[in-house]
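Engineer: model this:
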Amino acid sequence: MQHKIIVYTDGAASGNPGPGGYGIVLRSGNHYKELSEGYRLTTNNRMELLAAIVALETLKIKGSDVVIYTDSKYVCDAVEKGWVFSWEKKRFKDKKNPDLWMRFLNIYHKHKVKLVWVKGHANNEGNERCDKLAVEASKKSVLLIDEGYEMLNGR
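Structural biologist: Below you'll find the model as predicted:
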């Protein structure tokens, strides 16, 4: 029997744009996994979205039943209110982060995903852990390049 996969995600950026990172906690049955990564120049919204993408890309079984808890209204509302599907039809004209939204939709359609908004910094254990992972990742001595951000912004 396949367990529901519970995911917590968070993104952080210092300076917005500035150094940033994401944190992810995945839980399914007895399985628990944490993921994080840091980038030298990015935005909070990009890291929030990238966290959801990486979480879904990490799943091994297509068609998984997934609930993603996020404190990002940007990500949660775009999906749950259906905005991103309208943006997709218009090829993301005048929308920020089209590279990540296309990547998100590619993996989103391979699973059964529900996004749930949680208030940040409100003692939600999963959200607090992701926040810590994201902030720590953004402070690593070696940070990756968010090529989508830097290319789109001429850096």
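Engineer: Mind listing what's buried along whichever helix or strand Arg129 is part of?
Structural biologist: Assigned by DSSP states H and E, Arg129 belongs to helix 125-138. Residues of helix 125-138 classed as buried under the neighbour-count rule (16 or more other Cβ atoms under 10 Å) are 126-131, 133-135, 137-138. From N, CA and C alone the C-beta is placed, and that goes for glycine too.
Engineer: for the record, mean pLDDT for it?
Structural biologist: Helix 125-138 shows a mean pLDDT of 97 in the predicted model.
Engineer: What is it packed up against?
Structural biologist: Taking 3 or more Cβ pairs under 8 Å, 6 or more residues apart in numbering; DSSP states H and E as the contact definition, the neighbouring helices and strands of helix 125-138 are strand 5-13, strand 18-28, strand 31-42, helix 44-58.
Engineer: cutoff 10 Å now
Structural biologist: Applying 3 or more Cβ pairs under 10 Å, 6 or more residues apart in numbering; DSSP states H and E, one finds that helix 125-138 makes contact with strand 5-13, strand 18-28, strand 31-42, helix 44-58, strand 65-70.
Engineer: now the ones you listed as JSON lines including mean neighbour count?
Structural biologist: Rendered in JSON lines, the data for the helices and strands packed on helix 125-138 read as follows (neighbours: other Cβ atoms under 10 Å):
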{"stretch": "strand 5-13", "mean neighbour count": "27"}
{"stretch": "strand 18-28", "mean neighbour count": "23"}
{"stretch": "strand 31-42", "mean neighbour count": "18"}
{"stretch": "helix 44-58", "mean neighbour count": "23"}
{"stretch": "strand 65-70", "mean neighbour count": "20"}
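Engineer: For Phe85, which of those is the nearest?
Structural biologist: For those, proximity to Phe85 was assessed by Cβ to Cβ; helix 44-58 is nearest, at 15.2 Å.
Engineer: hang on, isn't Glu147 packed against Asp99?
Structural biologist: Yes: with contact defined as Cβ atoms under 10 Å, Glu147 counts as touching Asp99 (8.5 Å).
Engineer: which of those two has more neighbours?
Structural biologist: In terms of neighbours (other Cβ atoms under 10 Å), Asp99 is the more surrounded of Glu147 and Asp99; the figures are 16 against 11.
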